[in-house]
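Undergrad: coordinates only, no sequence provided:
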C-alpha cells in the first residue's frame, strides 16, 4: 500500500477487534483506552498484572479510560480498574514505524496517560505514540509483610512497575497490528514516569522489551524493601485510626503486633482505595514521604542502580533532559513562599524576593544536575560506550519572552518541555497560560517545538538525534570541562540552541554558600527545610 492511503480505524489484536477514532484536525488515528491487562481489583489488588480477557465483537476505544486512584486538589478520583493504554499514529498506511512509549509523571501518586496527547507528535515524527495508565500510590507501590504469598512478582510491591512491563510485553505482541516495529521501541517518560523508565532499564524483566530511552526530568531513584515495609505499616496505622479500629498510635502498634497476617491482609483488602491515596498525599520529590521502586531482588535488584554493569545491561542510546527551573514549582508550593506570593510581598527588591530567587536557582540547579549530570555520569561509568545525549530546556527565562512576573515565579519549570513535544500549548506551564503563551512569542516557540521534534524523530529512527541541517548534538563525555549539554531555548522570534557546561553538586553548593543574597541563617533554612529529603539532597 502507498503511505498516502488511509489506515483502517478497525483492526484486530490478540484479545479481539478494536474501533479507533480519526483525529482529522491533526491527521492522526487514535485508539484510546485499550485494556492491556485484567482489572487489578478484588483478589488481584496487590498482585502482578494478569492477561486481559478476550472479547467478542468490536470494542470501541475512542475515548480515554480510567486513571488510577488518586487525589487532586483534595478531590479523589480514578479507579482501581485502570490498566488501559492509548495509541496514536499518522493517518496513512505506512508500516514498520518506530514506537514511542511514554510514561506520565505525577510522583507515582497522580497523573494518567491522557496527560500526554500524542497525535501531533505521531504525525511530526512519523511514528506510533503510546501512553500507559498504571497503578499509582499504594495501589501501585505497596509492600506489606502480611500480603506475602511466596510468589516473587506478587510479593515485590512494585505493581505499577510490573504494569508498565506488562504493557511493554503487550506492545511486543500487538503493535505490529497498528503498523509499529517491535524491533524499534523507545521507552520514554517525564518525572516519575522517567524514573520508572530508568528503573525498568535496571530491571532484568525489562530486557529486550525496548531499544532506546528518552528520559525527561527523571533521575536514578530506588527505595529499599525495608523502607517500603515501614511505610506500609505507617499507612496501615493511619487506616486503623481513620476507621476507628484504634484511637492512637499505641493502640495501632498493639493491634498490628497481635493480629495474624491473614487478619491484617483481610483488613487492608477491605479498605477503599481512595483512603490510601488520601493518607499518602503529596510527596513533593521526597522518597521518604512515599517510598516506591523497591529493591525487592526480583523486579529491581538489591542495591538499586549500584548494581548496573555492562555485562547484564545493554548499551542503549539514551536522551536525558531537564528544565532550567526544575524546582520553581516545588518552591512555590512551599507554604512559606506561597503565603508570601499571596500577600504580594515580592514587589520591589525585598529580602524575601531574594530568598525566593536563591531557592529557585539552587534548588533547580541541584535537581537538574541530579536528573541529567549525575544520571549520565552513573550510566557512562557503569556502561562504558553507552550513547548518551543530554539537554537543558530553558524557554521562558529570556527577557521579553513571557510575562516578567511569571518568569520570576516559574521560569522554565518542571514539565515545561512537554508541550514543545506534543505541540499542545492549550494548558501549559502549571496552569499559568496567561502571560506565557502569546502571539508575540509564537514564532520562536513554534520554531523551538519543531526543532525539538526533529531531534526526537531522528533519535526514534536511528538512535541518534543528529541529522543534516541541525546543530550538532554532542554525545556525553566524562570530561567535566566539556560542554556536552544542549541548551534548548528561544527568543520571541527564533530558536536559540547552543552547548552549555555541566553542573556539579559541589560547585552548586559552594556558590550557594557564597551567595550574598541570603544570610547564613537563611541558607541553613533552605537546606534543612526546603531541600532536606528531596531526591537531589538525600545523600547529604
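TA: Perfect, I can see it now. Please read all numbers here as calculations on a predicted model, not as lab measurements.

Undergrad: surely residue 68 and residue 140 touch.
TA: Yes: using CB atoms under 8 Å, residue 68 makes contact with residue 140 at a distance of 6.6 Å. In short, each C-beta sits where N, CA and C put it, glycine included.

Undergrad: now do the shared contacts for the two.
TA: Common contacts of residue 68 and residue 140 (CB atoms under 8 Å, 6 or more residues apart in numbering): 134, 160.

Undergrad: out of the two, which sits in the busier spot?
TA: residue 68 (29 against 25; other CB atoms under 10 Å).

Undergrad: the more buried one should be in a helix, yeah?
TA: No: counting by DSSP: H, G, I helix; E, B strand; the rest coil, residue 68 is not found in a helix; it is coil.

Undergrad: list the contacts of it.
TA: 78-80, 82, 112, 133-137, 139-140, 160 are the contacts of residue 68 under CB under 8 Å, 6+ apart.

Undergrad: try residue 53
TA: 15, 38.

Undergrad: what's the pLDDT at it?
TA: Model confidence at residue 53, given as pLDDT, is 94.

Undergrad: list phi and psi for it.
TA: Phi and psi for residue 53, reported as degrees, to the nearest 10, are phi -80, psi 140.

Undergrad: make 37 the first number, not 1, from now on.
TA: Sounds good: first residue 37 from here, last item residue 89.

Undergrad: number of nearby residues for the closest residue to residue 209 other than its chain neighbours?
TA: Distance criterion CB to CB, 6 or more residues apart in numbering; nearest residue to residue 209, sequence neighbours excluded, is residue 50 at 5.5 Å. Residue 50 has 11 neighbours, counted by other CB under 10 Å.

Undergrad: same check, this time on residue 217
TA: Counted with other CB under 10 Å, residue 217 comes out at 17.

Undergrad: am I right that it falls within a strand?
TA: Yes: under three-state DSSP, residue 217 sits within a strand.

Undergrad: identify the residues contacting the nearest residue to it once chain neighbours are set aside.
TA: Leaving aside its chain neighbours, residue 217 sits nearest to residue 132 (4.5 Å; criterion: CB to CB, 6+ apart). Residues near residue 132 by CB under 8 Å, 6+ apart: 215, 216, 217, 220.

Undergrad: is it true that the last one touches residue 498?
TA: In this case it means residue 220. No: using CB under 8 Å, residue 220 makes no contact with residue 498, being 9.7 Å away.

Undergrad: the more surrounded of these two?
TA: residue 220 (21 against 14).

Undergrad: which secondary structure elements does the helix or strand hosting the more buried one contact?
TA: Using DSSP states H and E, residue 220 falls within strand 216-226. The contact analysis (3 or more CB pairs under 8 Å, 6 or more residues apart in numbering; DSSP states H and E) places strand 216-226 against strand 133-139, helix 195-210, helix 228-238, strand 248-252, helix 478-498.

Undergrad: residue 565: which of the ones you listed is closest?
TA: Across the helices and strands packed on strand 216-226, residue 565 has its closest neighbour in helix 228-238 (23.2 Å, CB to CB).

Undergrad: so the closest one versus helix 195-210, what angle?
TA: 70 degrees (axes from the mean of the first three to the mean of the last three CA atoms, to 10 degrees).

Undergrad: list the buried ones in the lowest-mean-pLDDT helix or strand in the chain?
TA: Ranking every helix and strand in the chain by mean pLDDT, DSSP states H and E puts helix 371-378 at the bottom, with a mean of 85. Neighbour-count burial for helix 371-378, with 16 or more other CB atoms under 10 Å as criterion, is recorded at 373, 376.
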